[in-house]
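**Q** Structure for the following, please:
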Amino acid sequence: MIVGYYNFLGLASMRENYGILLVDDEPAYRAIVSALLRSLPIDIDHAADRAAALRSLAVRRYDLILVDIELGRDDGREVAAVLRGADCPILAFTGLHPAEGERYFTDHGFDGWIAKPFEGRTLVAAVCRWLGDGVPSTEAPAEGGQLSALLGADGAASMIGRLHANLAEAVAQIDGGADARPIGHRMGGLAGTLGFPTLSAAWLSLQDDRAAWPTVRALTIEAIARAQGSAPD
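**A** Residues are numbered from 1 along each chain as shown. Below you'll find the model as predicted:
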């Protein structure tokens, strides 16, 4: 899937960082995607619209481009068509769920589709799959490991259990209509303090972008389910 330029030069094995361009006008997704992919050799650039995406392409090449469909005044389908000169896979990255599924997006010039909301492991696996063999396919990295060094295994387990209980309560509050902004600030700070950067970035994003709530919710439910050894609902 990776552009053949590096293979042609015999430099594929020397590649250190892949380039991904995320074209999305919701700032929350820059923080969330960057946090989820932090352990992989991936550089992520962000563009909020067609003009910014074209400026990014003018200064570097990319191995993968993710494009939201609803980009304010721009239509992501038209943006994808303009970006076709990048010579790399372009995926729809959107909450639009057409009846035709992925076929709708491939019919409109995309190579594939990553749906919002998403779980962390789904996004990581999809990105690794599209980048090819150079990036190991893995689930979202485990977080909170430093707590064991500080508190011991039992103390860390207790602290993480309380965090998950607080997260579950926060989910219930927002689902019930509570203002997501102060809750996001509180839970993002708590998750960050305890060493959970992905959850922290996700929850803090709610201060500016309530539209990201479905993804924040999915990531939170996934983290709780993984800790409990069960599949998320």
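
**Q** in stretch 36-52, what counts as buried?
**A** Across stretch 36-52, burial judged by 16 or more other CB atoms under 10 Å covers Leu36, Leu37, Leu40, Ile42, Ile44, Asp45, His46, Ala47, Ala48, Asp49, Arg50, Ala52. All C-beta spots, glycine's among them, are computed from the backbone N, C-alpha and C.

**Q** need the helices for this protein, in chain order.
**A** Using DSSP state H, the helices of the chain run over 5-8, 27-36, 50-59, 76-82, 102-107, 120-131, 146-175, 180-193, 197-205, 213-228.

**Q** Packing partners of the third one?
**A** Secondary structure elements in contact with helix 50-59, counted by 3 or more CB pairs under 8 Å, 6 or more residues apart in numbering; DSSP states H and E, are strand 18-23, strand 42-47, helix 76-82.

**Q** As JSON lines, these with mean pLDDT would be great.
**A** Shown next, in JSON lines, are the helices and strands packed on helix 50-59 (pLDDT from 0 to 100):
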{"stretch": "strand 18-23", "mean pLDDT": "94"}
{"stretch": "strand 42-47", "mean pLDDT": "94"}
{"stretch": "helix 76-82", "mean pLDDT": "94"}
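
**Q** Turn the ones you listed into a markdown table, columns for distance to Gly161.
**A** As requested, these are exported to a markdown table (distance: least, CB to CB, whole Å):
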| stretch | distance to Gly161 |
| --- | --- |
| strand 18-23 | 34 |
| strand 42-47 | 32 |
| helix 76-82 | 41 |
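
**Q** Tell me who's in contact with Thr94.
**A** Val67, Asp68, Ile69, Glu70, Gly76, Trp113, Ala115, Lys116 (CB atoms under 8 Å, 6 or more residues apart in numbering).

**Q** pLDDT wise, what is the third one at?
**A** Predicted confidence (pLDDT) for Ile69: 94.

**Q** Where does pLDDT dip in the protein?
**A** For the chain, applying pLDDT under 70 flags the ranges 1-16, 133-156, 230-233.

**Q** hang on, the earlier thing: tell me the one of the contacts of Thr94 nearest Pro182?
**A** Lys116 (23.9 Å; CB to CB).

**Q** from the helices of the chain, which stretch is densest packed?
**A** helix 197-205 (a mean of 24; mean count of other CB atoms under 10 Å).

**Q** Domain-wise, how is the chain divided?
**A** Residue ranges for the domains of the chain, per automatic domain parsing: 5-131, 146-228.

**Q** which residue is nearest the centroid of this structure?
**A** Nearest to the geometric centre of the chain sits Val33, at 2.8 Å (CA atoms, centre = their mean).

**Q** which non-adjacent residue is nearest that residue?
**A** Counting by CB to CB, 6 or more residues apart in numbering, Leu22 is the residue found nearest to Val33 once chain neighbours are left out, at 5.8 Å.

**Q** check contacts around the one you found.
**A** Leu22 makes contact with Tyr29, Arg30, Val33, Ile44, Asp45, His46, Ala47, Leu66, Phe93, according to CB under 8 Å, 6+ apart.
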